[in-house]
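Asker: coords please:
(one chain, ligands or ions: 1)
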Amino acid sequence: MKERILSLVSPKYPWKDRFQWLEETDSTNDQLKKLARQGAPHGTVLIADRQSGGHGRMGRSFHSPGGVGIYFSILLRPQCAPGELMHLTCATAVAMCEAVEKAAGFRPGIKWTNDLVSGKRKLGGILTELGLSPRGGVDYAIIGIGINCCQQEADFAEEIREIAASLSMVTGKEIDRAAVAAAMMDALYRMDRMLLTEKSAILDSYRKNCITIGREISLLRVGESVRHGKAVDMDDEGALIVEFADGHREAVNSGEVSIRGMYGYL
Ligand code: BTN
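Answerer: Okay, the predicted model is just below:
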């Protein structure tokens, strides 16, 4: 698989010797974090065929069976303060829309902030984790992405069967996971080159793909009760602007945002 992925990556991709394919691991994010602390360089990529402990935001697990998905983590070492990376998950989501479009022929939507979706169903998710240096700068950023590629509905665990989809279910075609992985590598390389210099163009692309804007949502934050409102925009840091029933607006950059009509929120 490793050689096939590398054969499909653009000749311009500069980190071919920083890529490892793993048959099985607990979590590519957790493994890459260990490598980051040991000094692994910018551009290191781990992709696993299956994960026994794949996880996502809010401590949720990410089902990662073998042979059907791509479980991908990349290590970046951007030279900046953590506050300059507020848009990193958004930038990754845009890059993943480009990668899926190239490899599978359709452009997914983005459910703010980190889900790739098609219709009402989730195709994949993004988990970004930062490590800080003793002086408070960014030591490393780990970006983990899981994409369902080849599953059919019956392959998903019962608890996610009605809310999950794969690239194959959307296209009705067989999906070449190596082509998906190669397109992800290329898109992330391009994203890295733009990340700190073209923030507003990146966020404009995100807004165009974001299905949350304009929808009725509920917001659940730790220690708060659920609040309902409408997502009206996204600000220049990637925070969702929500208008609540009393007319006041808040920039939301944490917590769980559910869209009415999706993932079982009626
Ligand atoms: C989410 O849906 O909240 C994010 C899911 C992120 C899953 C990917 S799979 C590769 C990497 N390793 C992990 O343990 N998580 C990410």
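
Asker: could you check how far Ser73 is from the ligand?
Answerer: To the ligand, Ser73 is 5 Å away according to CB to the nearest ligand atom, to the nearest Å. In short, each C-beta sits where N, CA and C put it, glycine included.

Asker: return the alpha-carbon coordinates of stretch 60-80 using PDB.
Answerer: Taking Å, rounded to 0.1, in the frame of the first residue of the first chain, the C-alpha atoms of stretch 60-80 are listed here in PDB:
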ATOM      1  CA  ARG A  60     -15.600  10.200  21.300                       C
ATOM      2  CA  SER A  61     -14.300   7.100  19.600                       C
ATOM      3  CA  PHE A  62     -13.800   7.000  15.900                       C
ATOM      4  CA  HIS A  63     -14.600   3.500  14.400                       C
ATOM      5  CA  SER A  64     -11.600   2.500  12.400                       C
ATOM      6  CA  PRO A  65     -12.000  -1.000  10.900                       C
ATOM      7  CA  GLY A  66      -9.400  -2.400   8.500                       C
ATOM      8  CA  GLY A  67      -9.600  -2.300   4.700                       C
ATOM      9  CA  VAL A  68     -12.300   0.300   4.400                       C
ATOM     10  CA  GLY A  69     -11.100   3.700   5.700                       C
ATOM     11  CA  ILE A  70      -8.200   6.000   5.700                       C
ATOM     12  CA  TYR A  71      -6.800   6.900   9.200                       C
ATOM     13  CA  PHE A  72      -4.300   9.600   8.600                       C
ATOM     14  CA  SER A  73      -2.200  12.000  10.800                       C
ATOM     15  CA  ILE A  74       0.300  14.600   9.800                       C
ATOM     16  CA  LEU A  75       2.800  16.500  11.900                       C
ATOM     17  CA  LEU A  76       3.400  20.200  11.200                       C
ATOM     18  CA  ARG A  77       5.700  22.600  13.000                       C
ATOM     19  CA  PRO A  78       4.400  26.000  12.000                       C
ATOM     20  CA  GLN A  79       6.600  28.800  13.200                       C
ATOM     21  CA  CYS A  80       4.000  30.900  15.000                       C
END
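
Asker: now it: buried residues?
Answerer: For stretch 60-80, a neighbour-count test (16 or more other CB atoms under 10 Å) marks 62-65, 68-78 as buried.

Asker: for stretch 121-138, same thing?
Answerer: By 16+ other CB under 10 Å, the buried positions in stretch 121-138 come out as 121-128, 138.

Asker: and the contacts of stretch 256-266?
Answerer: With contacts defined as CB atoms under 8 Å, 6 or more residues apart in numbering, stretch 256-266 is touched by 58, 111-112, 117, 120, 122, 162-163, 211-212, 215-221, 231, 240, 242.

Asker: wait, doesn't Gln20 sit right on Val45?
Answerer: Yes: Gln20 is in contact with Val45 according to CB atoms under 8 Å; the separation is 7.3 Å.

Asker: neighbour count: these two, which is higher?
Answerer: More crowded of Gln20 and Val45, by other CB atoms under 10 Å: Val45, with 23 against 16.

Asker: and that one, how far from Tyr71?
Answerer: Distance of Val45 to Tyr71, given as CB to CB, to the nearest Å: 11 Å.

Asker: between the buried residues of stretch 121-138, which is nearest the ligand?
Answerer: Nearest to the ligand among the buried residues of stretch 121-138 is Gly125, at 2.2 Å by CB to the nearest ligand atom.
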